[in-house]
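In: Give me a 3D structure for the following:
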Amino acid sequence: MAYKRGAASRRRLQPPGIVDRNILVRTNLSAATSIWGRLAKSSRERLEILSRTHLLNVAAGELCLLDGRWYVTHAGLLRVAEHRRCFGIKSIVEKSLCNPAGCRWVFKATVYKSPRSKGFVGYGDADPSNVSPLVRGAEMRVAETRAVNRALRKAYGIGLCSVEELGSFSAPTPPSYPKQASPFSGNGNGSSHGQPRLRDQLCLLIRQFNLDPTLVKAYAADFCGTEALKEASRDLVESFISHLTKAANEDRDALICKLNSYAQPEEVKP
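Out: Now for the predicted structure:
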C-alpha cells in the first residue's frame, strides 16, 4: 500500500497528461496564427513539439516567432522551471569582467534542479553594443536575464535560443498589431475632453499588444520612479503610456524583452 501511495504522489507531481497537451497544441496554434498570421508547415510542427515537450504557452508570451524561427522567452523558461519543480536559481555579478562606466555587465547564473544538484551554469553579458536601444540603461538586468536563461536552457535541455539573448531585435512587428500613432479612442469612458481615463488607456494598450499586465505595472512604476504605479503623477503616467505605445508599435519584440526583465522568479534557497 505504501508503494501505491508513493506512485500516486509521483503522478500528481507530473505535468498535465496527453489530453491537456492536445488542448495546449490547439490553443497555441490558434494564438500563433492570430499574432503572426498563417504559419509555415515547419513552424506549426515545431510549435506542436514545443507545446507537448515543454508545455509552453504562446498566449502567455512564452514563445516568440522571429523570421520563421521559434524563440523561448524568459517568462517561458521560468514556467518550465516551475513545471519541473526547480529547486533554486542563483545569480552573481562577475565584477572582474564588468565595466560599469561603459555599461558592460556580466552575470553568472546557476540553476539547481534538486537539493543534491551540483548546478547548471550559464553566463550572460550585456552592453550598449549588443542590446536594443529600447533597453539602453538596463544592461545590468539584461545581462542577468541572459545568464539565467542560458542556465535554465542547459538544465532542462531546451535547444531554443531565448529572445532576450539576441543581440538586437530588428524583426518587423507582427501584422496583427496595427501601426498607428495611438490606440486610444472611444466615447470618453467617464473622463473629460472625450478621452479615456489613463487606466483604461493602459488596459487597451495591454490588450491590443498582448502584454503581461503585471510586468507592465512593474515597468511603469520603474519608469515613473515610484514604488507603485498608483503613486505616480498623472503627467508621469501619460508620459509612460506615450512611451509604451511608441515602443509597442516600433519594436514589440524588444518591448517584450524589456518587460521580461521585470519578471521575478519565486525566491528559493539552494
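In: where does the stretch 101-250 of the chain have low pLDDT?
Out: Along the stretch 101-250 of the chain, segments meeting pLDDT under 70 span 168-197.
In: how about the strands in it?
Out: 105-112, 120-126 (DSSP state E, counting those that start in this stretch).
In: Report the mean per-residue pLDDT for whichever helix in the chain runs longest.
Out: Counting residues, the longest helix found in the chain (DSSP state H) is helix 18-36. For helix 18-36, mean pLDDT is 85.
In: after it comes which helix or strand?
Out: helix 41-54 (DSSP states H and E).
In: Now that next one: buried residues?
Out: Ser43, Arg44, Arg46, Leu47, Glu48, Leu50, Ser51, His54 (16 or more other C-beta atoms under 10 Å). C-beta: built from backbone N, CA, C; applies to glycine.
In: can you check stretch 101-118 too?
Out: Neighbour-count burial for stretch 101-118, counted by 16+ other C-beta under 10 Å, picks out Cys103, Arg104, Trp105, Val106, Phe107, Lys108, Ala109, Thr110, Val111, Tyr112, Lys113.
In: Check stretch 71-89 too.
Out: Buried-residue list, stretch 71-89, by 16+ other C-beta under 10 Å: 71-81, 83-84, 86-89.
In: Need the buried residues of helix 41-54 in a markdown table (columns: pLDDT and distance to Tyr219).
Out: Formatted as a markdown table, the buried residues of helix 41-54 follow (pLDDT from 0 to 100; distance: C-beta to C-beta, whole Å):
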| residue | pLDDT | distance to Tyr219 |
| --- | --- | --- |
| Ser43 | 94 | 29 |
| Arg44 | 94 | 32 |
| Arg46 | 95 | 30 |
| Leu47 | 95 | 28 |
| Glu48 | 95 | 32 |
| Leu50 | 93 | 27 |
| Ser51 | 93 | 28 |
| His54 | 91 | 26 |
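In: Same list (the residues you listed) but as a markdown table, adding distance to Val93.
Out: Below are those laid out as a markdown table (distance: C-beta to C-beta, whole Å):
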| residue | distance to Val93 |
| --- | --- |
| Ser43 | 37 |
| Arg44 | 41 |
| Arg46 | 35 |
| Leu47 | 36 |
| Glu48 | 39 |
| Leu50 | 32 |
| Ser51 | 35 |
| His54 | 29 |
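In: can you give me the helices for the chain?
Out: 2-13, 18-36, 41-54, 74-83, 139-155, 198-208, 213-224, 234-250, 252-260.
In: Turn those into CSV, columns for distance to Gly124.
Out: What follows is the helices of the chain, written out as CSV (distance: least, C-beta to C-beta, whole Å):
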stretch, distance to Gly124
helix 2-13, 30
helix 18-36, 27
helix 41-54, 20
helix 74-83, 11
helix 139-155, 3
helix 198-208, 28
helix 213-224, 19
helix 234-250, 22
helix 252-260, 13
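In: tell me the domain ranges of the chain?
Out: Domain assignment for the chain by automatic domain parsing gives 2-80, 84-171, 192-250.
In: Of the ones you listed, give the one that comes closest to Tyr262.
Out: Checking the domains of the chain against Tyr262 by C-beta to C-beta gives domain 192-250 as the closest, at 4.1 Å.
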